[in-house]
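Chemist: quick one: sequence plus predicted model below, questions after.
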Amino acid sequence: MKLIKQSGLIIFLAGLTFFIATIFTGSFSLKQAELDTFIKEKGYKSEIIKEELSKAIVTQENLNIFQFSSRVINAYETSNNHYDALIAKYDSEKNWDAKGKQFQYKISGKPHSVSFELAKKSGKGFAADNTGLAWFLTFGLGIIGALMFIVPDVILLGKPGIKNDGIFLSAVTNRGWIGWFTFVFLVTFYILLYFYPDFIVNWVYLVDPISKSLSGNPAGQWFLYGYLYCVVMTVMAVRMYIKYRHNKYQILRTTSVLFFQIVFAFLIPEILVRFEKPWYDFKNAFPLDYDFFFRWNLEELLASGGFGLFILVWGVVLTIVVVPVMVYFFGKRWYCSWVCGCGGLAETLGDPYRQNSSKTLLSWRVERIVIHTVLIFVLVMTGFALYTFFTQESQVLGIKTQTIQDIYGFLIGAIFAGVIGTGFYPIFGNRVWCRFGCPLAAYLGFVQRFKSRFRITTNGGQCISCGNCSTYCEQGIDVRAYAQKGENIIRSSCVGCGICSAVCPRGVLKLENGPEEGRINPTEILLGNDVDLMDLMNKK
Amino acid sequence: MKHIVIIGNGISGVTTARHIRKNSDHKITIVSAETKYFFSRTALMYVYMGHMKFEHTQPYENWFWKKNRIELKEGLVSKVHTDKKELEFSDASTLSFDQLIIATGSKPNKFGWPGQDLEGTLGMYHKQDLEKLEKFAPDNKACKRAVIVGGGLIGIELAEMLRSRKIPVTFLVREDSFWNGVLPAQESEMINNHIKEHHIDLRLSTNLKEIKSDENGRVKSIIIEETGEEIPCNIVGLTAGVTPNIDFLKESGIELSRGVKVNRFLETNIKDVFAIGDCAEQHEAIGQRRNIEAVWYTGRMMGETLAQTICGNKTAYKPGHWFNSAKFLDIEYQTYGWVFSERGKQENEAYFQWQHPTDHKCITISFDKNTHQFLGINTFGIRMRHEIFDKWLTENQSIEHVLEYLADANFDPEFFKLHEAEILAKFNTENNTNIQPKKKSWKRIFSLN
């Protein structure tokens, strides 16, 4: 068993090494005809970009992706700088007519995205030409190795039951060197994914056939991410099944998040595209789906007829009816721990790191300020977006809606949700995003705190203050502080993962949807003392 | 403003301090030689097992004490001068008090075994025991085998700890079945099997004769009383119960027996000196309880009670219905009311028992064979709701009532398999009754109208 586990680790690391090495393979250059087609498709009017790109990437040289990218970006900048200079010149001459004409020549879009599109059309080599084999050496070995590492735990972990042995003695799970290495890897991955997609174009080739079979289109960076997300969640869900095999709540919950990720976040949107419908994830509620009310999305939905209208209505109903009603009956866990994709990754890939979340009072204070700030930010932005949509103006009170959207997209959508949210798993625990950043979690939390049947019930006076519950709370709630007082936990941040209940050695905690009456029960004296004393304290 | 000094920063002492602070402005000092900050002793095992770090066992952040004006003094009290109202420390410094609370807890029993103080012997009670364990048994290379002497809760926890680092364990238990002085045979037998399933070498009806030393004064092996067998080992865990930690009080004039003698108000024979927790001994037992109860919950309750007295609301210690819980490796155990083992069974006591055919789950309900009054329940592998059993015990409900409404009492996580129907079916068959299970009702659980 141990041997299988160790071989699994070696195979996984081999897969990971191939995966990383794939970035550096292949050569990139275009033929003139290919470039002409691209420019025509894009509708670039600038002569300079055409000329510069021809010089740079229509070549016999074997450019690697980094050379290719830098040449494309050079051409992009040369062209845009040229027209910027003209704009400045006409501006100083007050030649408004000529100035206005220059804008059409400017190239929009992020330079690395332009470079990605060109690279995707021009790659040759290992990944692009042997997709099947390359997929096997990267994804295939990764999956096989990981499963060989995980599955022997059925036997190695011994009898079913909570097995957190050695978690704080391991360099993986206790912020040791492996934890820090994982952190660097994840952060780098997200930075590449969000800001330098062209550098990982070789990875995108690996999933091209899968994308084509689903949506009929070649894969883009977000398809790669969606596919990787599902693969990682599935493999790590196997780990959850084994670790918590004595606990039906955990098994059902894991199955549920896995189902919603694969079917709702991955398959349905891709299949919609095949039927020429808008890409849409039906479980992704606003304000987590922060661009739902952006002009481009509304226009796309309205342009796609009855189905688009259906999505529009569903999106609104989901947010203002389904979400609060479900939270009333089941707490925010129905979403955060049973449905949400971010929660799904946190509960599978992130489970080994849950104990690293900070439980200090200070972090709770920071958390409340930050998460509610994000909620306000998203609501203000959405107000701007809707105002702009209906009035057709581009700014509100002198602030451009586009600017607000760009800031949110960069700071919250990319840096917070991606780079920090997932990249920091090994250091700050697995729900950094859900805890500090998610505006939907803040919204669900309000409902859970003030109007819900959900609570974690604590069992009379049985708590021994051991601290397992607090240690393993991914949301950084000091569960023990309530349990040792015999007080129900109704905190707005609780996502109902149920691990506190699972790790409690005394059976003190139970997630419950009970009557609202008596749900909030501050207690001074615990059960076990005589009745007079309790009465006395309650009268005070 | 009085100066209240508390010796001992365990659950009893700290609970007292917290409640005194809630209700008064008195100056409070907690004295401890073990650690500066309060930690949960019951969680020490999880530190060695790597489930937690030591700081996770501390229920309050370090700023808590200053903010609540509870002074912490590190020091070992060597004498108590009740006449001068003064403590003397091992470094000869002194501290005066207006009222003194002794909450020094317990220390592991040693029964005079030869070699019991060798290097490599340890209890599993203090933080220092944990440090010893890290020193002598960091892994299965440094520690080829461990022997544990004494078959109680701490013994099985120590066995679990060592097994988490793959150290072979021989577990010597004096009784012919694990903890059968407390547990009915059905439960005790199930735990025996579960211990063996964890590859622990369980030796029942076995006593320690002596611990042998190597040339450096370290544990080398142990000899078994009954067979004379020698078992080589690197550490010996002495976990045969605990005794009150009160040696330093011998010349203080405070009345002592096994523990510090206290009345129902937790007062000693000396005015303004109180004792609570593991080290307190009641003059007369309360109900069926023992005079000394080394249990987390009773320590906490005594602390809550004494704080009332100190703050001017003189209150007797009147613990409610007995309850307790533990975990035997993977099996959770809870008990409410009184279930005595066959050995200690009361005149009027009868059992109803149910056991799951394959899983490690079972219950024993004890009831009065004449009146059918429910007396207590042991559950293994099933969680139960404390409030409900507390209520049923207060109301003197019958065993039939308990079984009929058992669904109200279940506290297992959602979607867990429920066994009320099987349990009830067994009772009906055995007693020729036809009780129908009632569906769980929130109204009843929370006594709502």
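Modeler: Received the coordinates, thanks.
Chemist: what is the rounded mean pLDDT of stretch B:362-382?
Modeler: Across stretch B:362-382, the average pLDDT comes to 97.
Chemist: and chain A, is that stretch touching that?
Modeler: No. With CB under 8 Å from any CB of the partner chain as the criterion, chain A is not reached by stretch B:362-382; the gap is at least 8.6 Å. No exception for glycine: its C-beta is placed from N, CA and C like everyone else's.
Chemist: tell me the centre residue of chain B?
Modeler: Centroid-nearest residue in chain B, with CA atoms, centre = their mean: B:V295, separated by 3.8 Å.
Chemist: for the helix or strand harbouring B:T335, name the packing helices and strands.
Modeler: Applying DSSP states H and E as the criterion places B:T335 in strand B:331-337. With contacts defined as 3 or more CB pairs under 8 Å, 6 or more residues apart in numbering or on different chains; DSSP states H and E, the packing partners of strand B:331-337 are helix B:185-197, strand B:323-328, strand B:374-380, helix B:386-394.
Chemist: will you turn those into CSV that also has mean neighbour count?
Modeler: Converted to CSV, the helices and strands packed on strand B:331-337 look like this (neighbours: other CB atoms under 10 Å in any protein chain shown):
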stretch, mean neighbour count
helix B:185-197, 18
strand B:323-328, 22
strand B:374-380, 25
helix B:386-394, 20
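Chemist: could I get the ones you listed as JSON lines with distance to B:P114?
Modeler: Below are the helices and strands packed on strand B:331-337 laid out as JSON lines (distance: least, CB to CB, whole Å):
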{"stretch": "helix B:185-197", "distance to B:P114": "27"}
{"stretch": "strand B:323-328", "distance to B:P114": "31"}
{"stretch": "strand B:374-380", "distance to B:P114": "37"}
{"stretch": "helix B:386-394", "distance to B:P114": "45"}
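Chemist: tell me the angle the strand holding B:T335 makes with strand B:323-328.
Modeler: For strand B:331-337 against strand B:323-328, the angle by axes from the mean of the first three to the mean of the last three CA atoms, to 10 degrees is 170 degrees.
Chemist: how about residues contacting strand B:331-337?
Modeler: For strand B:331-337, contacts defined as CB atoms under 8 Å, 6 or more residues apart in numbering or on different chains pick out A:462, A:505-507, B:187, B:190-191, B:194, B:321-327, B:360, B:366, B:374-381, B:383-384, B:386, B:389-390, B:393.
Chemist: need the CA coordinates for that strand. PDB is fine.
Modeler: Output in PDB follows, covering the C-alpha atoms of strand B:331-337 (Å, rounded to 0.1, in the frame of the first residue of the first chain):
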ATOM      1  CA  ILE B 331     -16.000   5.300  19.200                       C
ATOM      2  CA  GLU B 332     -17.800   8.200  20.800                       C
ATOM      3  CA  TYR B 333     -19.300   7.500  24.200                       C
ATOM      4  CA  GLN B 334     -21.900   9.600  26.000                       C
ATOM      5  CA  THR B 335     -23.700   8.900  29.300                       C
ATOM      6  CA  TYR B 336     -26.600  10.600  31.000                       C
ATOM      7  CA  GLY B 337     -28.000   9.600  34.400                       C
END
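Chemist: tell me which other helices or strands the helix or strand that comes right after that strand touches.
Modeler: Later in the chain than strand B:331-337, the nearest helix or strand by DSSP H and E is strand B:349-355. Strand B:349-355 is packed against helix B:185-197, strand B:362-368, helix B:420-431, with contacts defined by 3+ CB pairs under 8 Å, 6+ apart.
Chemist: ranges for the strands of the stretch 401-540 of chain A?
Modeler: A:454-458, A:509-513 (DSSP state E, counting those that start in this stretch).
Chemist: deepest in the core, which of these is it.
Modeler: Each of the strands of the stretch 401-540 of chain A was scored by mean neighbour count; the highest is strand A:454-458, a mean of 25, by mean count of other CB atoms under 10 Å in any protein chain shown.
Chemist: so what touches that strand?
Modeler: A:327, A:330-333, A:448, A:479, A:482-483, A:485-490, A:494, A:496, A:500-501, A:508-514, A:519, B:411.
Chemist: now it, how far from the chain's geometric center?
Modeler: Distance, stretch centre to chain centre, for strand A:454-458: 28 Å (CA atoms, centre = their mean, to the nearest Å).
Chemist: between it and strand A:509-513, how big is the angle?
Modeler: Using the same axes, to 10 degrees: strand A:454-458 against strand A:509-513 is 150 degrees.
Chemist: quick check: closest non-adjacent residue to the residue nearest to the centre of chain B.
Modeler: Excluding the flanking residues, the one nearest B:V295 by CB to CB, 6 or more residues apart in numbering or on different chains is B:N324, at 6.2 Å.
Chemist: spit out the contact partners of that neighbour.
Modeler: Contacts of B:N324 by CB under 8 Å, 6+ apart are B:V295, B:Y297, B:Q334, B:T335.
Chemist: filter those to the buried ones?
Modeler: Neighbour-count burial (16 or more other CB atoms under 10 Å in any protein chain shown) applied to the contacts of B:N324 gives B:V295, B:Y297, B:Q334, B:T335.
Chemist: give me the pLDDT for the residue nearest to the centre of chain B.
Modeler: 94.
Chemist: phi first, then psi, for it.
Modeler: Note on B:V295: backbone dihedrals following degrees, to the nearest 10 are phi -130, psi 140.
Chemist: separation between it and A:R480?
Modeler: Applying CB to CB, to the nearest Å, the value for B:V295 to A:R480 is 19 Å.
Chemist: for stretch B:25-37, list every residue counted as buried.
Modeler: Buried residues in stretch B:25-37 (16+ other CB under 10 Å): B:H26, B:K27, B:I28, B:T29, B:I30, B:V31, B:S32, B:A33, B:E34, B:T35, B:Y37.
Chemist: repeat that for stretch A:262-282.
Modeler: By neighbour count with 16+ other CB under 10 Å, stretch A:262-282 contains the buried residues A:262, A:264-266, A:268-270, A:272-273, A:277-278, A:280-282.
Chemist: among these, list the two that are farthest apart in space.
Modeler: A:I262 and A:P278 (20.0 Å; CB to CB).
Chemist: quick check: which ranges of chain A have low pLDDT?
Modeler: Scanning chain A for pLDDT under 70 picks out A:524-540.
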